[in-house]
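[1] I'll drop the sequence and a predicted model, then ask my questions.
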Amino acid sequence: VQLQASGGGLVHPGGSLRLSCAASGFTLDYYAIGWFRQAPGKEREGVSCISSTGIRKYYADSVKGRFTFSRDNAKKMVYLQMNSLKSEDTAVYYCAAVTTLCPSNPSEYTYWGQGTQVTVSS
């Protein structure tokens with residue numbers, strides 16, 4: 001079982017990145033997927049979550065209108081499009097899978113990716 005996050009990097013404020021998360025070893029269709037982030041010295045926080053069907057999407061207030069979550073179950077991929085990036089978006093981003101509908105508590109997620117670094121700096 002594996003979740004492989006990718007797509008992070010260094011970007012200027014106002015720029016964009018698209019994070020990807022590839023699933024293997026389990027049936028992605030049955031899982032909601034969440035994106036979390038953790039900045040140095042801070043607790044891990046939820047950024048966005050998408051239901052197993054992709055119909056329901058949730059966003060943290062801090063990213064609403066800037067981030068868009070999508071998934072392609074046939075390709076076993078999920079994507080987080082991040083636009084209008086700000087310095088406060090700098091963090092390691094993690095994707096995680098859960099069979100229930102997007103719990104806010106990270107400890108309830110079953111599978112975790114390894115994280116991808118996003119740095120927003122001029």
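    In hand now; what should we look at?
[2] report the contact partners of the closest residue to D89 other than its chain neighbours.
    Spatial nearest neighbour of D89, chain neighbours left out: V120 (5.2 Å); criterion: C-beta to C-beta, 6 or more residues apart in numbering. Placement of C-beta: from N, CA and C, glycine included. Residues in contact with V120, defined by C-beta atoms under 8 Å, 6 or more residues apart in numbering, are 10-13, 15, 85-90.
[3] what's the spacing between V120 and G54?
    Plainly put, V120 is 27 Å away from G54 if you go by C-beta to C-beta, to the nearest Å.
[4] do the same with A39
    Distance of A39 to G54, computed by C-beta to C-beta: 28 Å.
[5] again with Y31
    Separation of Y31 from G54 (C-beta to C-beta): 12 Å.
[6] neighbour count winner among those two?
    Y31 (24 against 15; other C-beta atoms under 10 Å).
[7] wait, isn't the more buried one in contact with V98?
    Yes. Look at Y31 against V98 with C-beta atoms under 8 Å: they come within range, at 6.3 Å.
[8] find residues that contact each of those two.
    Taking C-beta under 8 Å, 6+ apart as the criterion, Y31 and V98 both touch T110.
[9] wait, doesn't K57 sit right on S48?
    Yes. Counting by C-beta under 8 Å, K57 touches S48, with 6.9 Å between them.
[10] which of these two has more neighbours?
    Applying other C-beta under 10 Å to K57 and S48 shows that S48 carries more neighbours, namely 23 against 15.
[11] now the more buried one, what are its backbone angles?
    phi -160, psi 160 (degrees, to the nearest 10).
[12] who touches it in this structure?
    S48 makes contacts with 34-35, 57-60, 63, 67, 69, 80, as judged by C-beta under 8 Å, 6+ apart.
[13] and it, what pLDDT?
    S48 carries a pLDDT value of 97.
[14] could you measure from it over to L101?
    14 Å.
[15] returning to that earlier point: report the two of the contacts of V120 separated the most.
    Every pair in the contacts of V120 was compared (C-beta to C-beta); the two farthest apart turn out to be L10 and E88, at 15.3 Å.
[16] of the contacts of S48, buried ones?
    Among the contacts of S48, those classed as buried by neighbour count (16 or more other C-beta atoms under 10 Å) are 34-35, 58-60, 63, 67, 69, 80.
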